[in-house]
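[1] below are the sequence and a predicted model for it; my questions follow.
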Amino acid sequence: MRGMEWTLELVLVVLLLAMLFHAIRLERALGVLRRDRAALEQLVAEFNASTHLAETGIQRLRAAADGAGRQIEAQLAKSASIKDDLAFLTERADRLADRLDALVREARPLAREHEPRAAAVKPPPPGSSQAERDILQALRMAR
C-alpha cells in the first residue's frame, strides 16, 4: 500500500508541477495581454480623437462647399443678367449698324455730286487734336 501511496503522491506532484508550469505561462500571457490592453486603449483613444477631428473637418468642408455653391449661384445669376444686357446691346448695335450702313449708302451719291468740296478738305491746323486729324483722315479715305 505504501507503494501505491507513493505512486499517487508522485502523480499528484507531477500534476501539480504541470499545473504550476501552466499557471506561470498563463500569468505571463495575462501580463502581455494587460500591456497590450493599455496600448490598445491608447490606440482606441487616439482613433476616437482622429475620428472627431475628421468629422469636424468634414463639417467645415461642407460649410465651405455650401458657401462656394451660394457664391457660384449668385455669380450665375449676375452673369445671366449681364448676358441678357449684352444680348440687348448687341441687338441694338446691329440695328444701329444697319441704319448707319443704309445712311452711308444713301450719302454716297450725294458725296459724288459734291466731290470738289471733299477734295478741298484742308489739312488740320498745327494745334489741332488727334481726334480732329483722325476725322479728316477718315473723310479723305471715304472719297
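    In hand now; what should we look at?

[2] okay, and the helix or strand of this structure with the least pLDDT?
    helix 115-119 (a mean of 52; mean pLDDT, DSSP states H and E).

[3] now residue 128: which helix or strand?
    Assigned by DSSP states H and E, residue 128 falls within no helix or strand.

[4] quick check: the gap between it and residue 141.
    18 Å (Cβ to Cβ, to the nearest Å). Glycine gets a C-beta too; all of them are placed from N, C-alpha and C.

[5] for the host helix or strand of residue 58, the averaged confidence score.
    In the assignment (DSSP H and E), residue 58 maps to helix 2-113. In this model, helix 2-113 has a mean pLDDT of 89.

[6] quick revisit: give me the angle between the helix or strand just after the least confident helix or strand of the chain and helix 2-113.
    Using DSSP H and E, the helix or strand that follows helix 115-119 in sequence is helix 130-142. Orientation check (axes from the mean of the first three to the mean of the last three Cα atoms, to 10 degrees): helix 130-142 against helix 2-113 gives 70 degrees.

[7] output helix 130-142 in PDB with nothing but the alpha carbons.
    The C-alpha coordinates for helix 130-142 follow below in PDB (Å, rounded to 0.1, in the frame of the first residue of the first chain):
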ATOM      1  CA  GLN A 130      -5.500 113.800 -82.700                       C
ATOM      2  CA  ALA A 131      -9.300 113.300 -82.900                       C
ATOM      3  CA  GLU A 132      -9.600 116.100 -85.500                       C
ATOM      4  CA  ARG A 133      -6.700 114.700 -87.500                       C
ATOM      5  CA  ASP A 134      -8.400 111.200 -87.400                       C
ATOM      6  CA  ILE A 135     -11.700 112.600 -88.600                       C
ATOM      7  CA  LEU A 136     -10.100 114.500 -91.500                       C
ATOM      8  CA  GLN A 137      -8.200 111.300 -92.500                       C
ATOM      9  CA  ALA A 138     -11.400 109.300 -92.400                       C
ATOM     10  CA  LEU A 139     -13.100 111.900 -94.600                       C
ATOM     11  CA  ARG A 140     -10.300 111.700 -97.100                       C
ATOM     12  CA  MET A 141     -10.500 107.900 -97.200                       C
ATOM     13  CA  ALA A 142     -14.300 108.000 -97.600                       C
END
